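In: Fold the stuff below for me.
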Amino acid sequence: MRDEIKEENLIKVLLVGVDTGEEQDFERSMDELKSLAEACDKQVTGIITQKLDMVNKALYIGSGKVKEVKEFAAECEAQEIVFDNSLSPSQIRNLGRELELPILDRTNLILDIFAIRAKTKEAKLQVETARLQYMLPRLVGMHEALSRQGGASGSMSNKGTGETKLELDRRKIEHRISELKRELEAIAGNRVTQRKKRSGSRIPQVALVGYTNAGKSTVMNHMVQRYGSSPEKTVMERDMLFATLETSVRSIETGDNRPFFLADTVGFIHKLPHGLIKAFQSTLEEVKYADLLVQVVDFSDENYRQQMEVTAQTLKELGAGNISQIIVYNKADKRQWDNLPRVKENQIYMAAALDAGIEELAELIKRRLYAGDVECFFIIPYDRGDVVSYFMENASVLEREYRAEGIWLHVSCRSQDMAKYNIFREN
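Out: Next up, the predicted model:
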């Protein structure tokens, strides 16, 4: 199967995929590979696929298919060849020798996108760590010069004239990975401190999760603009893959003493490299420690159910698979749905970009977070203004009256607060 797309400029690439029948939707996977290539500013000039019972251990594709790929690459003027799955070091080496063009795989593209999108110091360190960890076992097939004898370089000492450049490069990479991990551990320590401060405040924590480009940052920004303590502190919001690489946490206060922290997180994708998940572990831990997850789904995408499955698998890998969720079916307006938003139990159909459903989503989040709250009545003596102030700041005061015996309050509060001030409860 071949699909030629004529475009000018930038690096021209040929996409190659193998359908072994294990992929639930192979065509969708190839379409996504095309989107990844375009997100890396590459021009897809051709696509070629092959059906096999299993991939070729040496060449990934069948040995007879290699010649066809080489000819088609020349025909469509491809400068690089990109494969839909992660390739082993030997496969990269063998394919590069046979096809005489740079060989990339899906992991390469995702790493390149992350490198382009990374803005903060932490994100850049995480991306570099993931790239070096990916590169380390693949040094042999990267360039012929690695087999030459090498001497000392920089601060690295030479173990002897028999040491190859490959061994030197491997030690340099391992040394750099160690440096990066130390820097990331220091940053992660600061994140843990911030998380402990938030936990100590008793304010619940909510994390936005979901497939990349589903609209998490749009939901975040509209929530911040409407309910944030600092409405100007929005996050980057663009119609692109992996627009957000760092976790941003904002305080949301709807005015009824039921606040929550809202975190915008890195998006997930089909076949997200394990090395990236590992490198971004400290960033993604905001998901693991959340009291509630809000999964944002691009309802306009025909593959939204498969994307939800990928999200579920990734959350499980992060140790967050059992955290309760609210499902946001975003971009429902693109499905020509009227009367948005629509709320059904723990699901909401909305259009965040149109600000349709933000208020309802906030109410849904609060209802889930504060489901354990109880309604009760208190008569508080006038000389205990501290108790009244506590409830005004930490509970939802539904009614208030000034009576002869004291201040009468009808509140919705935590059960532990009711027990703490039980002495003032109205009989």
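In: mean confidence score for stretch 408-417?
Out: Across stretch 408-417, pLDDT averages out at 90.
In: What of stretch 302-309?
Out: The average pLDDT for stretch 302-309 rounds to 92.
In: and Glu360, how many residues sit next to it?
Out: 16 (other C-beta atoms under 10 Å). C-beta: built from backbone N, CA, C; applies to glycine.
In: Longest helix in the chain, please.
Out: Criterion DSSP state H: the longest helix present in the chain is helix 165-200.
In: Off-centre distance for that helix?
Out: The chain centre lies 19 Å from the centre of helix 165-200; the measure is C-alpha atoms, centre = their mean, to the nearest Å.
In: so Leu340, which of the three states?
Out: coil (DSSP: H, G, I helix; E, B strand; the rest coil).
In: Report the contact partners of it.
Out: Contacts for Leu340 were tallied using C-beta atoms under 8 Å, 6 or more residues apart in numbering; they are Ala332, Asp333, Tyr349, Met350, Ala351, Leu354, Ala356, Gly357.
In: Check whether the third one really touches Phe299, as I assumed.
Out: Yes - with the criterion set as C-beta atoms under 8 Å, Tyr349 and Phe299 qualify as a contacting pair; they are 6.8 Å apart.
In: list residues touching both of the two?
Out: Contact criterion C-beta under 8 Å, 6+ apart; residues shared by Tyr349 and Phe299: Tyr329, Ala332.
In: now the protein, which segments are flagged as low pLDDT?
Out: Counting by pLDDT under 70, the ranges of the chain that qualify are 1-9, 140-164, 198-201, 239-240, 244, 282-283.
In: How is it partitioned into domains?
Out: Domain assignment for the chain by automatic domain parsing gives 11-112, 118-191, 203-369, 374-424.
In: mind listing what Ile407 touches?
Out: Ile379, Ile380, Tyr382, Val388, Arg400, Glu401.
In: Tell me how far the fifth one lies from Asp256.
Out: In this case it means Arg400. Between Arg400 and Asp256 the distance is 14 Å, computed by C-beta to C-beta, to the nearest Å.
In: try Pro381
Out: 25 Å.
In: And the closest residue to Leu292 other than its chain neighbours, how far from Ser324?
Out: In space, and not counting its chain neighbours, Leu292 is closest to Val206: 4.9 Å by C-beta to C-beta, 6 or more residues apart in numbering. Between Val206 and Ser324 the computed distance is 11 Å (C-beta to C-beta).
In: Phe242 now?
Out: For Phe242, the distance to Ser324 - C-beta to C-beta - is 26 Å.
In: So between those two, which is more surrounded?
Out: Taking other C-beta under 10 Å, Phe242 and Ser324 do not tie; Phe242 has more neighbours (21 against 12).
In: So that one: helix, strand or coil?
Out: Per three-state DSSP, Phe242 ends up coil.
In: what do you get for Leu14?
Out: Once three-state DSSP is applied, Leu14 turns out strand.
In: what about the helices in the chain?
Out: All helices of the chain, identified by DSSP H, fall at 26-39, 63-75, 89-99, 106-117, 121-135, 165-200, 216-227, 274-279, 281-288, 304-317, 358-369, 385-394, 415-420.
In: JSON lines for those, including distance to Thr49?
Out: Shown next, in JSON lines, are those (distance: least, C-beta to C-beta, whole Å):
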{"stretch": "helix 26-39", "distance to Thr49": "7"}
{"stretch": "helix 63-75", "distance to Thr49": "10"}
{"stretch": "helix 89-99", "distance to Thr49": "16"}
{"stretch": "helix 106-117", "distance to Thr49": "14"}
{"stretch": "helix 121-135", "distance to Thr49": "24"}
{"stretch": "helix 165-200", "distance to Thr49": "34"}
{"stretch": "helix 216-227", "distance to Thr49": "32"}
{"stretch": "helix 274-279", "distance to Thr49": "25"}
{"stretch": "helix 281-288", "distance to Thr49": "33"}
{"stretch": "helix 304-317", "distance to Thr49": "19"}
{"stretch": "helix 358-369", "distance to Thr49": "41"}
{"stretch": "helix 385-394", "distance to Thr49": "60"}
{"stretch": "helix 415-420", "distance to Thr49": "59"}
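In: Of all those, which one is nearest Leu14?
Out: helix 63-75 (4.9 Å; C-beta to C-beta).
In: so the longest helix of the chain versus helix 281-288, what angle?
Out: If you take axes from the mean of the first three to the mean of the last three C-alpha atoms, to 10 degrees, helix 165-200 sits at 30 degrees to helix 281-288.
In: buried residues in helix 165-200?
Out: Within helix 165-200, the residues that count as buried by 16 or more other C-beta atoms under 10 Å are 165-166, 168-170, 173, 177, 180, 184, 187-188, 191, 195, 198.
In: and that helix, what does it pack onto?
Out: When contacts are defined as 3 or more C-beta pairs under 8 Å, 6 or more residues apart in numbering; DSSP states H and E, helix 165-200 packs onto helix 121-135, helix 281-288.
In: quick one, that helix and helix 121-135 angle?
Out: Using the same axes, to 10 degrees: helix 165-200 against helix 121-135 is 140 degrees.
In: Might you report the residue contacts of Leu99?
Out: Val66, Val69, Lys70, Ala73, Ile81.
In: how about those in CSV, adding neighbour count and distance to Ile47?
Out: Output for these, formatted as CSV (neighbours: other C-beta atoms under 10 Å; distance: C-beta to C-beta, whole Å):
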residue, neighbour count, distance to Ile47
Val66, 17, 16
Val69, 24, 11
Lys70, 18, 15
Ala73, 23, 12
Ile81, 24, 11
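In: Pull the CA coordinates from stretch 178-189 and hand them back as CSV.
Out: Listed next in CSV are the C-alpha coordinates belonging to stretch 178-189 (Å, rounded to 0.1, in the frame of the first residue of the first chain):
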residue,chain,number,x,y,z
SER,A,178,24.3,10.5,35.8
GLU,A,179,24.7,14.3,35.9
LEU,A,180,21.3,14.8,34.5
LYS,A,181,19.7,12.5,37.0
ARG,A,182,21.3,14.4,39.9
GLU,A,183,20.0,17.7,38.5
LEU,A,184,16.5,16.2,38.1
GLU,A,185,16.6,14.8,41.6
ALA,A,186,17.2,18.3,43.0
ILE,A,187,14.3,19.7,41.0
ALA,A,188,12.1,16.8,42.0
GLY,A,189,12.9,17.5,45.6
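In: Quick check: which of the helices and strands packed on helix 165-200 is nearest to Met223?
Out: Nearest of those (C-beta to C-beta): helix 281-288, 15.8 Å.
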